[in-house]
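Visitor: the following comprises the amino acid sequence and a computationally predicted model.
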Amino acid sequence: MFVVIANIQVKPESIEAFREACVENSRGSIQEPGCLQFDVLQQQDDPTKFALFEIYRGPDDFAAHKETSHYAAWAEKAAAMQAGSRSSAKFHKVFPVNAAL
């Protein structure tokens, strides 16, 4: 499994719009055959900070995700709302491993 954790800070005036854009993107993402999980997280002590926790079957599925129309729409909206550049890291899932996935 291929895991991506993206960290994004948004402008305070964009918090609600960013949440909505992320939820819309997540709904589209979990419909993709290679996307196993797409969580939108908001930091408790700083609501301008978000993390996207994404699990794909493999790197090719993540690459396919970035070619979707819902990702393109989200990326365009997100760029205008970000307080700085976003960062992400890619991981291999070690444990637990769900054999059904």
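Guide: Nice, I can see it.

Visitor: what residues sit buried inside the lengthiest helix in the chain?
Guide: If you go by DSSP state H, the chain has its longest helix at helix 15-29. Neighbour-count burial for helix 15-29 flags 15, 18, 21-22, 25-26, 28-29 (criterion: 16 or more other C-beta atoms under 10 Å). Placement of C-beta: from N, CA and C, glycine included.

Visitor: Glu32: how many residues sit nearby?
Guide: Glu32 is flanked by 18 other residues according to other C-beta atoms under 10 Å.

Visitor: same check, this time on Asp61
Guide: Counted with other C-beta under 10 Å, Asp61 comes out at 18.

Visitor: for it, what are phi and psi?
Guide: phi -70, psi -40 (degrees, to the nearest 10).

Visitor: residues in contact with it?
Guide: 2, 32-35 (C-beta atoms under 8 Å, 6 or more residues apart in numbering).

Visitor: in strands, which of those fall?
Guide: 2, 35 (DSSP state E).

Visitor: from the contacts of Asp61, pick the one nearest His92.
Guide: Phe2 (7.1 Å; C-beta to C-beta).

Visitor: disregarding residues adjacent in the polypeptide, which is nearest to the closest one?
Guide: Closest residue to Phe2 apart from its sequence neighbours, by C-beta to C-beta, 6 or more residues apart in numbering: Tyr56 at 4.6 Å.

Visitor: wait, the one you found sits on His65?
Guide: Yes. Counting by C-beta atoms under 8 Å, Tyr56 touches His65, with 6.8 Å between them.
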